[in-house]
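A.B. asks: have a look at this fold, sequence not included:
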């Protein structure tokens, strides 16, 4: 994948997360999306950050004390090679755990 394609698919992933979390109407959730960075803020002041890292051609996510580096797969999913976690499922799980609600992306 070239850089142009990476920007396209990573932007689509961040936009999807932004839209779906916004539609979920979760109490105390503040979503900020600027360029290639999506920040999810919580009522307690915690922040989760998801960003497209073009130099590595990965989407990086930091949530609490845990971080993931997701690679784009040919089937359209973003997978963290170290853990096997999938981006959308991971975001849904960690945000859901944080707010105490079921989140679907």
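C.D. replies: Cool, the structure landed. Given the structure is predicted, the values throughout are model-derived calculations rather than measurements.

A.B. asks: buried ones in the longest helix seen in the chain?
C.D. replies: Criterion DSSP state H: the longest helix present in the chain is helix 3-24. Within helix 3-24, the residues that qualify as buried by neighbour count (16 or more other CB atoms under 10 Å) are 6, 10, 13-14, 17-18, 20-21, 24. Any C-beta I mention is one placed from the backbone N, CA and C, and that applies to glycine too.

A.B. asks: from the chain's centroid, how far away is that helix?
C.D. replies: 8 Å (CA atoms, centre = their mean, to the nearest Å).

A.B. asks: continuing past it, what's the next helix or strand?
C.D. replies: Counting by DSSP states H and E, the next helix or strand C-terminal to helix 3-24 is strand 30-34.

A.B. asks: take the buried residues of helix 3-24 and write them to JSON lines, including pLDDT and distance to residue 35.
C.D. replies: Formatted as JSON lines, those follow (pLDDT from 0 to 100; distance: CB to CB, whole Å):
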{"residue": "6", "pLDDT": "96", "distance to residue 35": "14"}
{"residue": "10", "pLDDT": "97", "distance to residue 35": "11"}
{"residue": "13", "pLDDT": "97", "distance to residue 35": "14"}
{"residue": "14", "pLDDT": "98", "distance to residue 35": "9"}
{"residue": "17", "pLDDT": "98", "distance to residue 35": "14"}
{"residue": "18", "pLDDT": "97", "distance to residue 35": "12"}
{"residue": "20", "pLDDT": "96", "distance to residue 35": "19"}
{"residue": "21", "pLDDT": "96", "distance to residue 35": "17"}
{"residue": "24", "pLDDT": "91", "distance to residue 35": "23"}
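
A.B. asks: residues touching the longest helix of the chain, excluding its own?
C.D. replies: Helix 3-24 is contacted from outside by 1, 29, 31, 33, 36, 38, 40, 50, 52, 54, 57, 59, 72, 76, 78, 87-88, 91, 95, 101, 103-105, using CB atoms under 8 Å, 6 or more residues apart in numbering.
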